[in-house]
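A.B. asks: coords please:
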Amino acid sequence: MGFPGTWMTESESMIYRVVPKCACSTIGQIMYYSDHGTFFDGDIHDAKTGLHKWARDDSQSVIRANVKMGSAYAFTCVRNPYTRVLSSFFDKICGIQRNGKRYRGNLVPLLTQKYGIEVGGSDGTGDFDQIRSFRRFLLFVRDTIRWRRPMDPDIHWSAVSGHVSTFIVNGGRYDNIFWTERFNEGMSSVLDKIDTPHPVDLEAIPRFNESEGHGPKRLHPVEDYFDDLSMHLVYEIYKRDFELFRYDFENPANKLPVGEIDLDEVHAKLGD
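C.D. replies: As a prediction, the model looks like this:
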């Protein structure tokens, strides 16, 4: 029984299933601050201490025991599939990462060769047709998820429901799932349920968007990137995300949810 992508405060006040591209850097920093009264100096994904993480061998037994007992408040955060996959494209495909290199080494040359995707040149600053390249990227995303070729799906564009489900399948239960688009409201609903060693003032917390500035600026409204075919592909890839987390498939311009998340339904449908 494992809980990949799971973080927990050292005080065991809350446990969080990380979902990439869904405010995970900010949530991790809030968890760190709630225990230590200060933010981690750097990208919270790089923290080796101060926060239990499933990726740390010495944290696994503590996380496993806590999930079994259900003592920490368990939550996760989700995001609109349209804006999430678009963000993944600009950050991971078009952008230069914080190590000064392209994401996953030879991935961009592969996409250029096989799918004709442009990314703005070697440094991502050149002009290119963002809409055309993004739509071709969606074909690649579909291929990775449906046929696992030319590579396995990446965590940044694989379905949110897939990330969320591992916690349930392996024996966990969420107390709360909230939307990135209503972040303060959702994070408040978590903090209101727990006692933390240090109080957290959400209004004063900065947003730790570690991917910001990696890639070129998006030039068009979200809806311009999605024609009928692109919407069909997105629905094929992220159908469960739209349905379970109540996002609006019909209107890419509407990033907000159109209903409430039913936790019992999420556990029933993702616990198979």
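
A.B. asks: for the rest of this, base every contact and every neighbour count on C-alpha atoms.
C.D. replies: OK.

A.B. asks: show me where the stretch 51-200 of the chain has helices.
C.D. replies: In the stretch 51-200 of the chain, the segments counted as helices under DSSP state H, counting those that start in this stretch are 57-69, 81-88, 107-115, 130-147, 160-169, 183-191.

A.B. asks: show me which positions of the last one end up buried.
C.D. replies: Going by neighbour count (16 or more other C-alpha atoms under 10 Å), the buried part of helix 183-191 is 183, 186, 187, 190, 191.

A.B. asks: the second one and residue 178 touch, don't they?
C.D. replies: Read it as residue 186. Yes - Residue 186 lies in contact with residue 178 (C-alpha atoms under 8 Å); the separation is 5.1 Å.

A.B. asks: residue 227: neighbouring residues, count only.
C.D. replies: 13 (other C-alpha atoms under 10 Å).

A.B. asks: pLDDT wise, what is it at?
C.D. replies: Model confidence at residue 227, given as pLDDT, is 97.

A.B. asks: again, but for residue 62
C.D. replies: So residue 62 comes in at 97 (pLDDT).

A.B. asks: quick revisit: which one of the buried residues of helix 183-191 is nearest to residue 72?
C.D. replies: For these, the residue nearest residue 72 by C-alpha to C-alpha is residue 190; the value is 11.0 Å.

A.B. asks: tell me what the closest residue to the closest one other than its chain neighbours is bridged to.
C.D. replies: Leaving out its chain neighbours, the residue that sits closest to residue 190 by C-alpha to C-alpha, 6 or more residues apart in numbering is residue 176, at 7.2 Å. Residue 176 forms beta bridges with residue 75, as assigned by DSSP bridges.

A.B. asks: just residue 96 next, same as before
C.D. replies: residue 102.

A.B. asks: is it in contact with residue 105, as I believe?
C.D. replies: No - counting by C-alpha under 8 Å, residue 96 does not reach residue 105; the two are 10.7 Å apart.

A.B. asks: circling back to that earlier point, the residue nearest to residue 190: neighbour count?
C.D. replies: 18.

A.B. asks: tell me the contacts of it?
C.D. replies: Applying C-alpha atoms under 8 Å, 6 or more residues apart in numbering to residue 176 gives the contacts 74, 75, 76, 190, 263.

A.B. asks: how about 7 Å then?
C.D. replies: Going by C-alpha atoms under 7 Å, 6 or more residues apart in numbering, residue 176 touches 74, 75, 76.

A.B. asks: pretty sure the last one contacts residue 17?
C.D. replies: Yes - counting by C-alpha atoms under 7 Å, residue 17 is a contact partner of residue 76 at 5.3 Å.

A.B. asks: ok, back up a step: and which of the contacts of residue 176 is nearest to residue 5?
C.D. replies: So of these, ranked by how close each gets to residue 5 (C-alpha to C-alpha), first place is residue 76, at 10.7 Å.

A.B. asks: sorry, back to before: and the residue nearest to residue 190, how close does it get to residue 228?
C.D. replies: Between residue 176 and residue 228 the distance is 34 Å, computed by C-alpha to C-alpha, to the nearest Å.

A.B. asks: cool, and residue 163?
C.D. replies: Distance, residue 163 to residue 228, by C-alpha to C-alpha: 27 Å.

A.B. asks: settle it for me: which of those two has more neighbours?
C.D. replies: Per other C-alpha under 10 Å, whichever of residue 163 and residue 228 has more neighbours is residue 163, with 20 against 8.

A.B. asks: could you find the closest non-adjacent residue to the more buried one?
C.D. replies: If the residues on either side of it in the chain are set aside, residue 163 comes closest to residue 19, at 6.2 Å by C-alpha to C-alpha, 6+ apart.

A.B. asks: before we move on, back to that, could you dump the contacts of residue 176 into a markdown table with pLDDT, distance to residue 117 and neighbour count added?
C.D. replies: Shown next, in a markdown table, are those (pLDDT from 0 to 100; distance: C-alpha to C-alpha, whole Å; neighbours: other C-alpha atoms under 10 Å):
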| residue | pLDDT | distance to residue 117 | neighbour count |
| --- | --- | --- | --- |
| 74 | 98 | 39 | 24 |
| 75 | 98 | 36 | 20 |
| 76 | 98 | 33 | 26 |
